[in-house]
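S.K.: okay, sequence plus prediction incoming.
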Amino acid sequence: MTDFSAEQKRYLEGFATGVSAVRAVGGVPGAAPAAKAEPTGPDAIHIKAQDRVLTSGGKLNDQEKWKRAEHPFDAYRRLKADADAGKAPKPDDNFRWRYHGLFWVAPNQISYMCRLKIPNGILKHWQFAGVADLADAHGGGYCHVTTRANLQIREIAPEHAAPLLEGLVDIGLTAKGAGADNIRNITGSPTAGIDAQEILDTRPLARSWHFHILNDRSLFGLPRKFNVAFDGGGIVPVLEETNDIGFQAVRVRDGSGIEPGVWMRLVLGGISGHKDLARDTGIVCRPSECDAVADAILRVFIENGDRTNRNKARMKYVLDAWGFDKYLAAVEEKLGRKLDRVAPDFAEPRGPFDRFAHIGVHRQVQPGLNWIGVLLPVGRMTTDQMRALAEIACECGDGDIRLTVWQNFLFSGVPDAKVAEVEARVAALGLSTSATSMQAGLVACTGATGCRFAAAHTKEWALAIAEHVDARLKLEVPVNVHVTGCHNSCAQHYIGDIGLIGAKVPVGDDGDTVEGFDIVVGGGFADDPKIGRELWLGVKAEECPARVESILRAYLAGRSGPEESVAQ
Ligand code: SF4
């Protein structure tokens, strides 16, 4: 048995996986090994982390090998040439395209989906109309609002891939880093700057962090995807507890040992699909420090996240293995200073949430102005609707379109005198500024129409459930039904009052299956965050509307009063 040195092992691993050893060891394949050179440049942090796996005898997962073989940003011209020629991408190039925001979604649709990056979910009316034009020119003529307050364009033929990405840049948008092992769209309170109860406007924070990561290549290509959210204390939940990093605005009282005023509380490790919500670290930082703190947290993750097993590669698993104290000590070491901490008693309680505030007309903190939430059934809009909505934002509001994690959007800055006009123009588009309890809390991922991981047509079944229940029950309390297609949990089924996750349900003895769902009950978020319990497995989809109705009837019969939520 030959004994290899660490250097030889690293070279052979690269050889076996088609990796250029040049970058890894600073030598030329086939040439006598050069003196060991430390990787340098923005990719060094990732290469060193991969090297540590290899020198310890571990095996990188496929995605790590692909990243190491050719950085996705260096592959753009090649990817573009292939796409221009109408070629479908191989798995490694499908992964690389995701760094640019494109996802090849065959076989469900023989095309790309593009997911954008829109910090705090807010874009200008002309950008919104511009996205609609791009979706017409290069996609399927519609868009979806996602559960990260983002937009997706679908049905993009290969030859339209690069023109679409380049068209986004033309209108001041980007999709860079929207997929693969990168930091996903930065979410923030959708009522930032217009909400009477907010403590802090999250827009500058989300924007600053968005550009911080966008312009630092070393922060692309993490062990796995990563989510960051900013909650400003407003009335609409932003679900920061489901993010790897959540910053929550808090007012710190006198006597805590730190200066009283507005601080950002740090919560870590949320990943609802793995049944974990972010936990309070006890740390607070100044709003101006969020970028530096998040940067240090990320670098600890980049250096120590699992690069062998994709299922264990999220930051949660480093936190689980190390505990919060060790992780935070490593963050402080990176920062070169201790972080501030505050006991919970010295943080003022957060203002209340309103689970209907993302729908309908609400007074802004600015006198005489309103925000108006528009219901988009499970996030879908046609491009014609988008252009007309952009016109309304321009002519009747402040020109902003504010996407929410509830798969809808708000107009902001609408004067009292224009409210009725907005409502009428929205209704004329076949949309609504009001919603039933079911409609307001209905969330669904892409599902089998466009996602190869889906076990069911989530959006279609979600709408069928809402229609069925609305025709039979009158609910005066908010109800969240989250319908997700697979364990990736894009619709966060574990935090819904009722969550459904796609399942193939066997029928008969010959191996046939039909679409169905496992059903989870009792999840919660915002002021009542909790993971729901799986109560039924493998319910046929056609039976789910009646099953959800029966769950809600049981709740109505058993509750002590309207103030008791479904999750209780
Ligand atoms: Fe696709 Fe699964 Fe995400 Fe739904 S949850 S969009 S099925 S990956």
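M.R.: Happy to help now that I have it. These numbers come from a predicted model, not from an experiment.
S.K.: hmm, who's touching stretch 519-538?
M.R.: 237, 239, 241-242, 272, 275-277, 350, 352-353, 355, 480, 482, 493-501, 503, 505-506, 516, 518, 539, 544, 547-548, 551, 565-567 (Cβ atoms under 8 Å, 6 or more residues apart in numbering). Yep, even glycine has a C-beta here, placed from its N, CA and C like the rest.
S.K.: mind checking the end-to-end distance for it?
M.R.: 8 Å (Cα to Cα, to the nearest Å).
S.K.: quick one: mean pLDDT over that stretch.
M.R.: For stretch 519-538, the mean per-residue pLDDT is 93.
S.K.: how about it, does it reach the ligand?
M.R.: No. Judged by Cβ under 6 Å from any ligand atom, stretch 519-538 and the ligand are separated, with a smallest distance of 13.6 Å.
S.K.: next, the contact list for residue 101, please.
M.R.: With contacts defined as Cβ under 8 Å, 6+ apart, residue 101 is in contact with 114-117, 165, 174-179.
S.K.: please pick the buried ones from the contacts of stretch 519-538.
M.R.: Buried members of the contacts of stretch 519-538, scored by 16 or more other Cβ atoms under 10 Å, are 237, 239, 241-242, 272, 276-277, 350, 353, 355, 480, 482, 493-501, 503, 505, 516, 518, 539, 544, 547-548, 551, 565-567.
S.K.: low-confidence ranges in the protein?
M.R.: Scanning the chain for pLDDT under 70 picks out 1-36, 559-568.
S.K.: filter the contacts of stretch 519-538 down to the ones in strands?
M.R.: Residues of the contacts of stretch 519-538 located in strands (DSSP state E): 482, 498-501, 503, 505-506, 516, 518, 539.
S.K.: tell me, which of those make contact with the ligand?
M.R.: Okay, of those, nothing touches the ligand (Cβ under 6 Å from any ligand atom).
S.K.: for residue 379, give me its contacts.
M.R.: 144-146, 407-408, 444, 459.
S.K.: any idea how far the ligand is from the closest residue to residue 118 other than its chain neighbours?
M.R.: Nearest non-adjacent residue to residue 118, counting by Cβ to Cβ, 6 or more residues apart in numbering: residue 150, 5.6 Å away. From residue 150 across to the ligand, the span is 13 Å (Cβ to the nearest ligand atom, to the nearest Å).
S.K.: residue 186 is in contact with residue 150, correct?
M.R.: No. Residue 150 lies out of contact with residue 186 (Cβ atoms under 8 Å); the separation is 9.6 Å.
S.K.: higher neighbour count, these two?
M.R.: residue 186 (30 against 23; other Cβ atoms under 10 Å).
S.K.: pretty sure the more buried one sits against residue 120.
M.R.: Yes. Checked against Cβ under 8 Å, the pair residue 186 and residue 120 is within contact range at 6.8 Å.
S.K.: overlap of the contact sets of these two?
M.R.: Common neighbours of residue 186 and residue 120 (Cβ under 8 Å, 6+ apart) are 206, 230.
S.K.: quick check: the farthest pair among the ones in strands among the contacts of stretch 519-538?
M.R.: Farthest apart among these by Cβ to Cβ are 482 and 506. That separation is 24.6 Å.
S.K.: can you give me the neighbour number for the residue of the chain found nearest the ligand?
M.R.: Nearest residue of the chain to the ligand (Cβ to the nearest ligand atom) works out as residue 485 at 2.6 Å. Other residues near residue 485 come to 32 when the count uses other Cβ under 10 Å.
S.K.: tell me the SS of residue 258?
M.R.: coil (DSSP: H, G, I helix; E, B strand; the rest coil).
S.K.: the one residue sitting closest to the centre of the chain: what secondary structure?
M.R.: Centroid-nearest residue in the chain: residue 148, 4.1 Å away (criterion: Cα atoms, centre = their mean). Using three-state DSSP, the structure places residue 148 in coil.
S.K.: looking at it, it is touching residue 227, isn't it?
M.R.: Yes. Between residue 148 and residue 227 there is a contact at 7.3 Å, judged by Cβ under 8 Å.
S.K.: any common contacting residues for the two?
M.R.: 184, 187.
S.K.: circling back to that earlier point, let me know the closest of the contacts of residue 379 to residue 92.
M.R.: Closest to residue 92, out of all of the contacts of residue 379 and judged by Cβ to Cβ, is residue 146, at 25.2 Å.
S.K.: how close does the closest one get to residue 546?
M.R.: 29 Å (Cβ to Cβ, to the nearest Å).
S.K.: the two: who's more crowded?
M.R.: Summary of the neighbour comparison: residue 146 and residue 546, criterion other Cβ under 10 Å, with residue 146 having more neighbours (25 against 14).
S.K.: give me the nearest residue to the more buried one, chain neighbours excluded.
M.R.: The nearest residue in space to residue 146 (Cβ to Cβ, 6+ apart) is residue 152, at 5.7 Å.
S.K.: same check on residue 109?
M.R.: Nearest to residue 109 is residue 450, by Cβ to Cβ, 6+ apart, at 5.1 Å.
S.K.: list the contacts for the one you found?
M.R.: Residue 450 touches 105, 108-109, 113, 154, counting by Cβ under 8 Å, 6+ apart.
S.K.: just the ones in strands from these, please.
M.R.: Those of the contacts of residue 450 lying in strands (DSSP E): 113, 154.
S.K.: turn the contacts of residue 450 into CSV, including distance to residue 327.
M.R.: Shown next, in CSV, are the contacts of residue 450 (distance: Cβ to Cβ, whole Å):
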residue, distance to residue 327
105, 35
108, 38
109, 40
113, 34
154, 38
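S.K.: now the common contact residues for residue 150 and residue 186.
M.R.: Joint contacts of residue 150 and residue 186 (Cβ under 8 Å, 6+ apart) are residue 117.
S.K.: so the residue nearest to residue 146 bridges to which residues?
M.R.: residue 115, residue 144 (DSSP bridges).
S.K.: hmm, it is touching residue 144, no?
M.R.: Yes. Between residue 152 and residue 144 there is a contact under Cβ under 8 Å: 4.5 Å.
S.K.: what's the overlap in contacts for these two?
M.R.: With Cβ under 8 Å, 6+ apart as the test, residue 152 and residue 144 both reach residue 446.
S.K.: who in the chain is up against the ligand?
M.R.: Residues of the chain lying near the ligand (Cβ under 6 Å from any ligand atom): 445-447, 451, 453-454, 484-486, 488-490.
S.K.: which residues in the stretch 351-500 of the chain form helices?
M.R.: 383-396, 419-428, 437-440, 458-472 (DSSP state H, counting those that start in this stretch).
S.K.: go on, the stretch 51-200 of the chain?
M.R.: 62-69, 76-84, 91-99, 125-138, 161-170.
S.K.: these: which one's closest to residue 398?
M.R.: helix 125-138 (9.2 Å).
S.K.: quick one, what contacts residue 322?
M.R.: Taking Cβ under 8 Å, 6+ apart, one finds 304, 330 in contact with residue 322.
S.K.: how about it, phi and psi?
M.R.: phi -90, psi -30 (degrees, to the nearest 10).
S.K.: what of residue 366?
M.R.: phi -80, psi 120.
S.K.: out of everything not next to it in sequence, what's closest to it?
M.R.: residue 194 (6.6 Å).
S.K.: neighbours of the one you found, just the number please.
M.R.: Using other Cβ under 10 Å: residue 194 sits among 24 other residues.
S.K.: please apply the same query to the one 10 residues further on.
M.R.: Neighbourhood size, residue 204 [other Cβ under 10 Å]: 17.
S.K.: and it, that's in a helix?
M.R.: Yes. Assessed with three-state DSSP, residue 204 lies in a helix.
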